[in-house]
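K.L.:
this is the structure alone, sequence omitted:
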Ligand SMILES: Cc1cc2nc3c(=O)[nH]c(=O)nc-3n(C[C@H](O)[C@H](O)[C@H](O)COP(=O)(O)OP(=O)(O)OC[C@H]3O[C@@H](n4cnc5c(N)ncnc54)[C@H](O)[C@@H]3O)c2cc1C
């Protein structure tokens, strides 16, 4: 839907809104309480809340204060190390995985947090916040780039400890006994992160669940964003796998949401945005049979001139269209200003030989022009048993075979492989090395740069599959080339569903995510950031000027892409904090329906997040009703 059509569509809804008997539009000027207000809850009131939640109310520390006070102390140095570990950050209610964004936000702790152990704890916290006019924040995995799980002067509902997991052979959503067939599924506590889910479902259970790529992202945050994983080109949107959620709404009720019970709320939870409709306490997701293999293809090609790079992009785009535009292939290609094309793709259901066969024509083409193209390092095209994909133990033992494959059974390579498998290190995953940490706490090396980072700019845009038609490919190539002159462009093929099987498309259609995703072959992402940084920390100050310049370059790069995809829309979880027309960009024609559901379940706007449904009625800090 283009912007004009969108405004027309919501225009008619907007005209109706003031006449509706809803409280969301009333009470203009209503202000939530802060600790400095005389009406802030008394110590006795907080004690009553603590008693009601079984002693799980905690005063929230801000670990970064120690870095500000004494940056050279041993404990500060240890903290800097810990801030490279997403599990450490996730275990701190006062921290978030992204520490901030230049000119947008910097993480700040809540005053108190309820470390919820069950839905009743959540309901107590919701009632307390509503009755005392408090700003409420909800945090799961803490991975929001937009800072939507932190708010200063707030009460936090922290779901970290809700991580029970149950597998089902034949799950039927409550109330759907007559209409829905039993299916295999998994129920996850809302504080689970994706590695918990993959560990239970794939490593231990031999099944597959569609979640996110990053192992430490929270399941509830990702599902409510829409959510993509490496293999979404086959299994579809993660949100489309949601069969049922238990959710505490603003009135403190613990509700079930599924296709038969509260179906409107259920639909809104499938991509309508986290922290908006209530607090999810657990969710049940469809599971699938596991394919035999997952794999990857990593190739880095450098062109010797701009002209050669254009030819390389032309070749890659047509090769993608012909050989990779299907549900076997996902993840990314990067296009940068140094005329490097970096392919970091993943495969599903292909063994190593089959994958190599797919790539051979492209590698041959590159190899035929050694003066124009050089392959940096060795192309690595490998497959592994799918069950090993998220198994830390498997990676510890088998990584040498992937890095130094030995198809001819060379004895020396065999011995080297075996010796290396005893080395307490592996190249794919980083491990949580804190004393007492479980051995299966790990994150991909490719995600390590985002732990504790401070964003300079981040934008995304869905790219329609029509750009892959032969008469449109040149426009796409031009946009990629010209855009990459300003800032590196990433195409995430698994985040556009064109090329996915019909059932995955149909299920995604029944979610709140912008319908642009259905006809997009990829999501383009252009982003830049710096490593560990936070205002006021000596040696780790955000580089504001550099960040602003980077944001301008990102904008210029995106202008080139928007010229060929003017109505693409953006993926809400991976988008610009300053997104223009965010309602249209994130949800397209689904926004009016989402706004109606918001009014029904949260008429007073207890749940507010930056650029969330209904947030346009609140000040930027979520304290004042406009
Ligand atoms: C390193 C990294 C990699 C990523 N990779 C991917 C990827 O591969 N695919 C993808 O689709 N996205 C990806 N994302 C984006 C990610 O999916 C979203 O940011 C997601 O919302 C994070 O969820 P969370 O629970 O970890 O974060 P949080 O910051 O805790 O939560 C995100 C939002 O959801 C709300 N929320 C959290 N829990 C609940 C709950 N129980 N009930 C109601 N609201 C809740 C919060 O209030 C907040 O508004 C990535 C992000 C990062 C930082």
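P.N.:
Structure's in. What do you need? Note that this is a predicted model, so its numbers are computed, not measured. Residues are numbered from 1 along each chain as shown.

K.L.:
quick check: residue 399 touching residue 421?
P.N.:
Yes: contact criterion C-beta atoms under 8 Å: residue 399 and residue 421 qualify, at 7.4 Å. (Glycine included, C-beta is placed from N, CA and C.)

K.L.:
run through the chain and note the low-pLDDT ranges.
P.N.:
Scanning the chain for pLDDT under 70 picks out 1-28, 406, 424.

K.L.:
settle it for me: which of residue 399 and residue 421 has more neighbours?
P.N.:
The residue with more neighbours, out of residue 399 and residue 421, is residue 399; 20 against 14, by other C-beta atoms under 10 Å.

K.L.:
contacts for the helix or strand hosting that one, please.
P.N.:
Using DSSP states H and E, residue 399 sits in helix 392-403. Residues outside helix 392-403 that contact it (C-beta atoms under 8 Å, 6 or more residues apart in numbering) are 203, 380, 382, 384-385, 387-388, 416-418, 420-421, 424, 426-429, 431, 439-442.

K.L.:
now do stretch 576-596
P.N.:
Contacts of stretch 576-596 (C-beta under 8 Å, 6+ apart): 1, 3, 6-7, 9-10, 13, 101, 104-105, 145-147, 267-268, 271-273, 455, 457-460, 512-516, 569-572, 575, 610-611, 613-614, 616.

K.L.:
I only care about these that end up buried; give me the ChimeraX line for that.
P.N.:
Remark: buried members of these, expressed as a ChimeraX selection using 16 or more other C-beta atoms under 10 Å:
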select :1,6,9,10,101,104,105,145,146,147,267,268,271,272,273,455,457,458,459,460,512,513,514,515,516,569,570,571,572,575,610,611,613,614
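
K.L.:
and the ligand, which of the contacts of stretch 576-596 contact it?
P.N.:
residue 145 (C-beta under 6 Å from any ligand atom).

K.L.:
before we move on, the earlier item: which among the contacts of helix 392-403 count as buried?
P.N.:
The neighbour count (16+ other C-beta under 10 Å) marks 203, 382, 384, 387-388, 417, 420, 426, 428-429, 431, 440-442 as buried among the contacts of helix 392-403.

K.L.:
just the terminal-to-terminal distance for stretch 444-454.
P.N.:
Taking C-alpha to C-alpha, to the nearest Å, stretch 444-454 runs 19 Å from one end to the other.

K.L.:
which of the residues in that stretch are buried?
P.N.:
Buried-residue list, stretch 444-454, by 16+ other C-beta under 10 Å: 444, 447-448, 450-454.

K.L.:
out of these, which are inside strands?
P.N.:
444, 454 (DSSP state E).

K.L.:
and the ligand, which of the buried residues of stretch 444-454 contact it?
P.N.:
Checking the buried residues of stretch 444-454 against the ligand by C-beta under 6 Å from any ligand atom, the ones in range are 447, 450.

K.L.:
so can I have CSV of the buried residues of stretch 444-454 showing distance to residue 85?
P.N.:
Below are these laid out as CSV (distance: C-beta to C-beta, whole Å):
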residue, distance to residue 85
444, 14
447, 12
448, 9
450, 12
451, 7
452, 9
453, 13
454, 17
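
K.L.:
and the closest residue to residue 439 other than its chain neighbours, how many neighbours does it have?
P.N.:
If the residues on either side of it in the chain are set aside, residue 439 comes closest to residue 392, at 6.3 Å by C-beta to C-beta, 6 or more residues apart in numbering. For residue 392, the neighbour count with other C-beta under 10 Å is 22.

K.L.:
tell me the contacts of residue 343?
P.N.:
Here residue 343 is in contact with 297-301, 316, 332-333 (C-beta under 8 Å, 6+ apart).

K.L.:
relative to the ligand, which of these is nearest.
P.N.:
Nearest to the ligand among those is residue 332, at 10.4 Å by C-beta to the nearest ligand atom.

K.L.:
quick one: what helix or strand has the residue in the stretch 501-626 of the chain that the ligand sits nearest to in it?
P.N.:
Nearest residue of the stretch 501-626 of the chain to the ligand (C-beta to the nearest ligand atom) works out as residue 573 at 3.8 Å. For residue 573, there is no host helix or strand (DSSP H and E).

K.L.:
measure it to residue 514 for me?
P.N.:
Residue 573 sits 12 Å away from residue 514 when distances are taken as C-beta to C-beta, to the nearest Å.

K.L.:
my read: residue 303 touches residue 371, true?
P.N.:
No: assessed by C-beta under 8 Å, residue 303 is found out of contact with residue 371, at 10.6 Å.

K.L.:
the helix or strand hosting residue 416 packs against which elements?
P.N.:
Per DSSP H and E: residue 416 is located in helix 411-420. Counting contacts by 3 or more C-beta pairs under 8 Å, 6 or more residues apart in numbering; DSSP states H and E, helix 411-420 packs against helix 392-403.

K.L.:
so how far is the first residue of stretch 430-445 from its last?
P.N.:
First-to-last residue span, stretch 430-445, C-alpha to C-alpha: 6 Å.

K.L.:
number the residues from 36 up from this point.
P.N.:
Understood, numbering begins at 36; the last thing we discussed is stretch 465-480.

K.L.:
neighbouring contacts of that stretch?
P.N.:
Applying C-beta under 8 Å, 6+ apart, the contact partners of stretch 465-480 are 117, 120-123, 230, 234, 238, 248-251, 426-428, 430, 462-464, 483, 486.
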